[in-house]
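Student: sequence first, predicted coordinates after that:
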Amino acid sequence: MITISNNSTQGRIDESKLIALRKIHPGNSNITLKRWLFVMLFIFIAMLFMPWTQNIRSHGVLTALNPGQRPQTIHSVIAGRIEKWYVNEGDLVQTGDTVMFISEIKDEYFDPNLLQNTVDQIKAKESGVASYMEKVKSLDAQIDAMISTKSLKIQQGRNKLRQTELKIQSDSTDYVAAKNNLAVMVDQLKRYEELFEGDLISRTELEGRKVTLQNSQAKAVEAENKMLIARNEMIIARTELNTIDNEFRDKIAKAESEKFASLSSMYDAEAQVSKLQNQYANYDRRTGFYYITAPQTGFITRAITTGVGETLKEGDEIISIMPAQYDLAVEMYVDPMNIPLLRKGQNVRFIFDGWPAFIFSGWPGASFGTFGGEVFAIDNFISPNGKYRVLVTQDSEEEKWPEALRIGGGADGIALLRDVPIWYELWRQFNGFPPDFYTPATVGEQPGKEEKK
């Protein structure tokens, strides 16, 4: 009862006899309230010591694990004009199926007999190469013949030179003999003149001796002349020998020059043949680009360039294709502050768009509608959005992801970290500290014994 006056009724009225007072003011209400407060306080304190799983929340997008399984666009390798479509949007195409046919728009490829004309040019150039090869062979034979003739001519010149040397020796011997004979005749003439002066011989005998002396002089002069002629012939033979060597050197050098010129022309023709063959291969390869085919099995999702008669440039996008077979993964971005807490193989829980879920982020075991994954790769460089990209794949030990998931769908990821008491998590959140960085237990150690760092 509320006391609103100085006249109190306590002790003067027996409240136990008044039913209305007992109903509005029971005697044990304070005890019951205290009990409830103690129970709630105990429950609150007990909850503070319950385990709480630290986590990192991040939004991601479904993608394909293999880059070759992600959506791609088909490009035109060459410039052309769209002539015919073979597919529609949503069609399933196999590898190598024709998507469209384009025609040529460049004037250098308009010739309908372009390939055959290129083949004819190649054959003509190959014939030119064969002709140059035959000319080179003929020049080689000519050079060999010149070398053989040069050897014979030089041997002949050396023999002639040897003959002149022997002749010089013979003429020199005759000349020496003639000189000796002349000296003897001069001495005899002097003695004959002395005998004539002493009237021992007649004038006729003296004049005969003079004639003999003159004949000896003539023979000496003749022998000297022969010797000089032989020496001149030796000089001529040496000159001819040098002339033969120089002449054949010039002829051989000229033939070799023609040979190398022919080789150069042959190599140039071979280069032109290779160039034409490369050009033919390019032409042949280009004709295969008129039919644009599917690079892999998949679904045609969207036609980027439409219509018939439109022109395309090299590298223009034509259609986009989604591979039929792909391994799903989630591409999510994590703040730089939390990236040291993640590692390959770490567990991640996902909430996919379109799938209802009941989430307790701190108690993953009590959550419903989430799917498990594990970290597959972590980028070593930051993305343009200021975060690090993390690629997460399905956890093979948990329930498979729904088959109805499609690439590009949204996914909320919860990376599970260390188990801590609730009071510690509240204290960490209140102070703005990051989650604990720890090293997981290795094989053979007891679970729960992580080394906190």
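Tutor: Cool, the structure landed.
Student: what is the burial count for Gly128?
Tutor: 17 (other Cβ atoms under 10 Å). Where C-beta positions appear, they are placed from N, C-alpha and C, glycine not excepted.
Student: with adjacent residues omitted, what lies nearest to it?
Tutor: Ala269 (4.7 Å; Cβ to Cβ, 6 or more residues apart in numbering).
Student: touching, that neighbour and Tyr132? I think so.
Tutor: Yes. Ala269 is within contact range of Tyr132, at 6.2 Å (criterion: Cβ atoms under 8 Å).
Student: low-confidence stretches in the stretch 351-453 of the chain?
Tutor: Within the stretch 351-453 of the chain, the segments meeting pLDDT under 70 span 357-369, 416-422, 424-425, 428-429, 431-453.
Student: tell me where it has helices.
Tutor: Counting by DSSP state H, counting those that start in this stretch, the stretch 351-453 of the chain has helices at residues 422-431.
Student: before we move on, what about the chain?
Tutor: Per DSSP state H, the chain carries helices over the ranges 19-24, 29-48, 114-197, 203-288, 422-431.
Student: among the ones you listed, which comes closest to Val392?
Tutor: The closest of the helices of the chain to Val392 is helix 422-431. By Cβ to Cβ, the value is 23.7 Å.
Student: could I get the helices of the chain as CSV with distance to Ile300?
Tutor: What follows is those, written out as CSV (distance: least, Cβ to Cβ, whole Å):
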stretch, distance to Ile300
helix 19-24, 80
helix 29-48, 56
helix 114-197, 32
helix 203-288, 21
helix 422-431, 50
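Student: which of the ones you listed sits closest to Glu89?
Tutor: That would be helix 203-288 among the helices of the chain, by Cβ to Cβ, at 25.3 Å.
Student: care to break the chain down by domain?
Tutor: Listed by automatic domain parsing, the domain ranges of the chain are 1-48, 52-68+326-452, 71-104+290-323, 114-288.
Student: least confident of the ones you listed, on average?
Tutor: Per-stretch averages of pLDDT across the domains of the chain put domain 1-48 at the bottom, with a mean of 66.
Student: and Gly315, how far from His75?
Tutor: 5 Å (Cβ to Cβ, to the nearest Å).
Student: okay, these two: which has more neighbours?
Tutor: His75 (15 against 10).
Student: returning to that earlier point: what residues are up against the residue nearest to Gly128?
Tutor: Lys125, Gly128, Val129, Tyr132 (Cβ atoms under 8 Å, 6 or more residues apart in numbering).
Student: what's the answer for Asp171, then?
Tutor: Ala223, Lys226, Met227, Ile229, Ala230.
Student: Ile168 contacts Ile229, doesn't it?
Tutor: No. Look at Ile168 against Ile229 with Cβ under 8 Å: they stay out of range, at 9.4 Å.
Student: neighbour count: those two, which is higher?
Tutor: Higher neighbour count among Ile168 and Ile229: Ile168, with 20 against 14, using other Cβ under 10 Å.
Student: not counting sequence-adjacent ones, nearest residue to that one?
Tutor: Closest to Ile168 by Cβ to Cβ, 6+ apart is Ala230, at 4.3 Å.
Student: burial count for the one you found?
Tutor: 20.
Student: then the one 4 residues further on?
Tutor: Met234: 19 surrounding residues under other Cβ under 10 Å.
Student: please apply the same query to the one 3 residues further on.
Tutor: The local packing count at Ala237 equals 19, with neighbours defined by other Cβ under 10 Å.
Student: quick check: closest non-adjacent residue to it.
Tutor: Closest to Ala237 by Cβ to Cβ, 6+ apart is Leu161, at 4.1 Å.
Student: residues in contact with the one you found?
Tutor: Neighbours of Leu161 in contact, by Cβ under 8 Å, 6+ apart: Met234, Ala237, Arg238, Leu241.
Student: tell me how far the residue lying farthest from the centre of the chain lies from Ser76.
Tutor: Distance from the C-alpha centroid of the chain, by Cα atoms, centre = their mean, peaks at Asp199 (123.5 Å). With distances taken as Cβ to Cβ, Asp199 is found 139 Å from Ser76.
Student: before we move on, what about Gln142?
Tutor: 58 Å.
Student: just the strands in the stretch 351-453 of the chain please.
Tutor: Taking DSSP state E, counting those that start in this stretch to define them, one finds strands in the stretch 351-453 of the chain at 371-378, 388-394, 410-421, 438-439, 451-452.
Student: which strands and helices sit next to the second one?
Tutor: Helices and strands in packing contact with strand 388-394 are listed as strand 51-64, strand 328-334, strand 371-378; criterion 3 or more Cβ pairs under 8 Å, 6 or more residues apart in numbering; DSSP states H and E.
Student: out of those strands, which is closest to Gln155?
Tutor: strand 371-378 (85.4 Å).
Student: flag every buried residue along the closest one.
Tutor: Phe371, Gly372, Gly373, Glu374, Val375, Ile378 (16 or more other Cβ atoms under 10 Å).
Student: strand 51-64 and that one, what's the angle between them?
Tutor: 70 degrees (axes from the mean of the first three to the mean of the last three Cα atoms, to 10 degrees).
Student: list the neighbouring strands of strand 371-378 plus their orientation.
Tutor: strand 347-352 (antiparallel), strand 388-394 (antiparallel) (DSSP bridges).
Student: please produce a markdown table containing these, extended by distance to Gly309 and mean neighbour count.
Tutor: A markdown table is the format used below for the strands paired with strand 371-378 (distance: least, Cβ to Cβ, whole Å; neighbours: other Cβ atoms under 10 Å):
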| stretch | distance to Gly309 | mean neighbour count |
| --- | --- | --- |
| strand 347-352 | 44 | 22 |
| strand 388-394 | 43 | 21 |
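Student: need these in CSV with distance to Ile56, can you?
Tutor: Shown next, in CSV, are those (distance: least, Cβ to Cβ, whole Å):
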stretch, distance to Ile56
strand 347-352, 9
strand 388-394, 10
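Student: so which of those strands gets nearest Val334?
Tutor: Nearest to Val334, of these and by Cβ to Cβ, is strand 388-394 at 5.3 Å.
Student: what residues does stretch 194-203 touch?
Tutor: So stretch 194-203 is in contact with Tyr192, Glu205, Leu206, going by Cβ under 8 Å, 6+ apart.
Student: so which of the residues you listed is surrounded by the most neighbours?
Tutor: The most neighbours, when these are compared by other Cβ under 10 Å, belong to Tyr192, which has 20 neighbours.
Student: just give the nearest non-adjacent residue to that residue, would you?
Tutor: Nearest non-adjacent residue to Tyr192 (Cβ to Cβ, 6+ apart): Arg209, at 4.5 Å.
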